[in-house]
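Q: Could you work out the structure for the sequence below:
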Amino acid sequence: MSEVANPRFSPGDKVRIANANPPGHRRVPVYARGREGTIERICGAFPNPEELAYGFDGLPKRPLYRVRIRQTDIWPDYKGSDKDVLELEIYEHWLIKA
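A: Below you'll find the model as predicted:
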């Protein structure tokens, strides 16, 4: 894992995943875009896979976060417990302070 020098977010911060639909290879599932969650942890800094997919170097490295989202916030008709969560790893450039 590569250390993150100045992460914009910390564990416990509330965030919203950008509701964007840019063309090309994207690592953020469509069902998670526009949803709010909580930063669970900072995973490190890594080359941007959205650029690596097109043969670029992916630099500078981007902070990667584990974001916890309640399943009822993703799927309103979810029949499981309202305590059930989904955790996704999302790069910082997709996150907005909630």
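Q: give me the low-pLDDT residue ranges for this structure?
A: Counting by pLDDT under 70, the chain contains low-confidence residues at 1.
Q: what's the longest strand in it?
A: With residue count as the measure and DSSP state E as the assignment, the chain has strand 36-46 as its longest strand.
Q: What residues sit buried inside it?
A: With burial defined by 16 or more other C-beta atoms under 10 Å, the residues of strand 36-46 counted as buried are 37, 38, 39, 40, 42, 43, 45, 46. C-betas here are computed from N, CA, C, even on glycine.
Q: same check, this time on stretch 78-86
A: When burial is assessed from 16+ other C-beta under 10 Å, stretch 78-86 yields the following buried residues: 85, 86.
Q: State the pair within the buried residues of strand 36-46 that is farthest apart.
A: The two members of the buried residues of strand 36-46 with the most space between them (C-beta to C-beta) are 38 and 46, at 21.1 Å.
Q: now the most far-flung residue of the chain relative to its centre: how far from residue 71?
A: Note on the chain: the largest C-alpha distance from the chain mean falls to residue 79, namely 24.3 Å (C-alpha atoms, centre = their mean). Between residue 79 and residue 71 the computed distance is 10 Å (C-beta to C-beta, to the nearest Å).
Q: next one: residue 86
A: Taking C-beta to C-beta, one finds residue 86 at 6 Å from residue 71.
Q: Doesn't the residue farthest from the centre of the chain lie inside a helix?
A: No: checked against DSSP: H, G, I helix; E, B strand; the rest coil, residue 79 lies outside a helix; its state is coil.
Q: show me the residues around residue 68 that make contact.
A: The neighbourhood of residue 68, defined by C-beta atoms under 8 Å, 6 or more residues apart in numbering, consists of 37, 38, 39, 40, 85, 86, 87.
Q: That'll do, ta.
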